[in-house]
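A.B. asks: sequence and predicted structure below; questions after.
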Amino acid sequence: MNIPAKVRNSIFAILLSSCIVSSMVHTILNTALSPIMEEFGVSAARAQWLITAFSLVMGIMVLATASLIRRFPNRPLYLTFMGLFCLGLLLSAAAPSFSVLLIGRILQALGCGMLLSLTQVVVLSAYPSEAQGRVMGIYGLAVSAAPVLAPTLSGIVIDLFGWHMVFWCALILSGIVWCAGLAFMKNITPTEAFTFDGLSLALGACGFTGVVLGLGNAGSYGLFTISVLLPLMAGVVLLYIFTHRQFRLKTPFLNLSLFGAKKFRLSVIASMLLYASMMAATTLLPLYIQTFRGLGATASGLVPPGRCLTAARGKPKAMYRAQNFRFCIFCMAALGTIPTTFIFPTFYATPKSIKLQL
């Protein structure tokens, strides 16, 4: 497809701006959990669902993006899901209760999951092969740096104006970008008619939700309880059915045969472990600094970026190329994790605060 450089650059700029805002929103609440817990009277186990639910819904959305992008042009997809993202920001900014705030986070995750995938497809469709590496490099740098800087920036805003202002600022930026998309976004991605495999999507979504819900309930009900084991086992069974179905379909909803490659499999597992380490640190460290050390959101936002940068280096592509580099990344992650085991006392969450359990 012969697309003028001015058109494709403007489209990429709009999508990149959207991805930067949505990536920042992903980690923007890491420094806001403590004031949110205090305002709504919720425990840490419940408040963390603002972050966990976002990651879960965004991951489920990624499952559906491939089919949606093949079926619909990029302009209506962008305007729809960026609109959902803005609606989620509005709900969160004006949230009168924790439930409304959580619904807003879910809508934000729907938009974020689509925007990240759509941008990559647009780059591959609009740019010639010799320019794709440069453009994807710009995209990767921006999307990787945004969630690293977000906790620090949100911490400053929270100390000055409160956590609601974080979402108002993101909403203003997102609204400007959405208006730019309405004016300049063009349809450039190819589409085709096909049958959408809704059953596979439902199996994958329910399976992942069951596993995450079961593990998330462990902090509130204990590991060996019905509230943990029932959704966990149901999720595992559904994911098994989902996996078995993909290998039986002529055109699978998700091509799992890639995991037959050893290097790819190891890279994905390594990325999962590093991402889990990053999310744990960037969630717990601000809570510890604000609750136990008595420091503000700004101070707590200065700590997570180092951990984020360590995890961000462990990309599957880099690990795929160099085994020694993979080993160094794991050593860095381990060395960064060990000191944190000595600063976290054992604690339990109450509705209004976090108390030490000696």
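C.D. replies: Everything's here; your move.
A.B. asks: okay, buried residues for the strand or helix carrying residue 177 please.
C.D. replies: Take DSSP states H and E as the rule and residue 177 turns out to sit in helix 164-184. Neighbour-count burial for helix 164-184, counted by 16 or more other C-beta atoms under 10 Å, picks out 164, 166-171, 173-174, 177-178, 181. To be clear about C-beta, it is placed using only N, CA and C from the backbone, and glycine gets the same treatment.
A.B. asks: same check on stretch 130-147?
C.D. replies: 135, 139, 143-147.
A.B. asks: point out the least confident one among the residues you listed.
C.D. replies: Minimum pLDDT across the buried residues of stretch 130-147 is recorded for residue 144, with 77.
A.B. asks: what packs against the one helix or strand that one maps to?
C.D. replies: Here residue 144, judged by DSSP H and E, is contained in helix 129-161. The elements that helix 129-161 packs onto, with contact taken as 3 or more C-beta pairs under 8 Å, 6 or more residues apart in numbering; DSSP states H and E, are helix 5-27, helix 98-126, helix 164-184, helix 262-291, helix 297-301, helix 304-312.
A.B. asks: go again with 10 Å.
C.D. replies: helix 5-27, helix 33-40, helix 98-126, helix 164-184, helix 262-291, helix 297-301, helix 304-312 (3 or more C-beta pairs under 10 Å, 6 or more residues apart in numbering; DSSP states H and E).
A.B. asks: reformat the ones you listed as JSON lines; add distance to residue 190 and mean pLDDT.
C.D. replies: Listed next are the helices and strands packed on helix 129-161 as JSON lines, based on distance: least, C-beta to C-beta, whole Å; pLDDT from 0 to 100:
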{"stretch": "helix 5-27", "distance to residue 190": "15", "mean pLDDT": "88"}
{"stretch": "helix 33-40", "distance to residue 190": "43", "mean pLDDT": "87"}
{"stretch": "helix 98-126", "distance to residue 190": "7", "mean pLDDT": "89"}
{"stretch": "helix 164-184", "distance to residue 190": "20", "mean pLDDT": "93"}
{"stretch": "helix 262-291", "distance to residue 190": "27", "mean pLDDT": "76"}
{"stretch": "helix 297-301", "distance to residue 190": "42", "mean pLDDT": "70"}
{"stretch": "helix 304-312", "distance to residue 190": "32", "mean pLDDT": "48"}
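A.B. asks: and among those helices, the most buried is which?
C.D. replies: Neighbour counts (mean count of other C-beta atoms under 10 Å) averaged over each of those peak at helix 297-301, with a mean of 24.
A.B. asks: pLDDT weak spots in the stretch 201-350 of the chain?
C.D. replies: 219, 300-301, 303-350 (pLDDT under 70).
A.B. asks: hmm, 50 instead?
C.D. replies: 307-322, 344, 346-350 (pLDDT under 50).
A.B. asks: hang on, the earlier thing: closest to residue 4 out of the buried residues of helix 164-184?
C.D. replies: For those, the closest approach to residue 4 (C-beta to C-beta) belongs to residue 181, at 17.7 Å.
A.B. asks: who touches that closest one in this structure?
C.D. replies: 10-11, 14-15, 17-18, 74-75, 78-79, 82-83 (C-beta atoms under 10 Å, 6 or more residues apart in numbering).
A.B. asks: possible to save these as JSON lines with distance to residue 34?
C.D. replies: Listed next are these as JSON lines, based on distance: C-beta to C-beta, whole Å:
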{"residue": "10", "distance to residue 34": "41"}
{"residue": "11", "distance to residue 34": "40"}
{"residue": "14", "distance to residue 34": "35"}
{"residue": "15", "distance to residue 34": "34"}
{"residue": "17", "distance to residue 34": "30"}
{"residue": "18", "distance to residue 34": "29"}
{"residue": "74", "distance to residue 34": "39"}
{"residue": "75", "distance to residue 34": "41"}
{"residue": "78", "distance to residue 34": "35"}
{"residue": "79", "distance to residue 34": "36"}
{"residue": "82", "distance to residue 34": "30"}
{"residue": "83", "distance to residue 34": "31"}
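A.B. asks: residue 251: neighbour count?
C.D. replies: Close neighbours of residue 251, defined as other C-beta atoms under 10 Å, add up to 9.
A.B. asks: any idea how far residue 236 is from it?
C.D. replies: Note on residue 251: its distance to residue 236, by C-beta to C-beta, to the nearest Å, is 26 Å.
A.B. asks: residue 163 now?
C.D. replies: Residue 163 is 36 Å from residue 236, by C-beta to C-beta.
A.B. asks: so between those two, which is more surrounded?
C.D. replies: A direct count of neighbours by other C-beta under 10 Å for residue 163 and residue 236 places residue 163 higher, at 24 against 14.
A.B. asks: list phi and psi for the more buried one.
C.D. replies: Reported as degrees, to the nearest 10, the phi and psi values for residue 163 are phi -70, psi -30.
A.B. asks: quick one, what contacts it?
C.D. replies: 28-29, 31-36, 39, 92-93, 95, 101, 154, 157, 297.
A.B. asks: returning to what we had before: how far away from the center of its chain is the helix holding residue 144?
C.D. replies: Relative to its parent chain, helix 129-161 has a centroid offset of 13 Å by C-alpha atoms, centre = their mean, to the nearest Å.
A.B. asks: same thing with stretch 121-134?
C.D. replies: 24 Å.
A.B. asks: export it as CSV, just CAs?
C.D. replies: Taking C-alpha atoms only, stretch 121-134 is exported to CSV below (Å, rounded to 0.1, in the frame of the first residue of the first chain):
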residue,chain,number,x,y,z
VAL,A,121,0.1,-3.5,13.0
VAL,A,122,-0.2,0.1,11.6
VAL,A,123,3.6,0.4,11.6
LEU,A,124,4.0,-2.9,9.7
SER,A,125,1.3,-1.9,7.3
ALA,A,126,2.2,1.7,6.6
TYR,A,127,6.0,1.7,6.6
PRO,A,128,8.4,0.0,4.2
SER,A,129,10.5,-2.8,5.5
GLU,A,130,13.7,-0.6,5.7
ALA,A,131,11.9,1.9,8.0
GLN,A,132,10.1,-0.5,10.2
GLY,A,133,13.0,-1.1,12.5
ARG,A,134,13.6,2.6,13.2
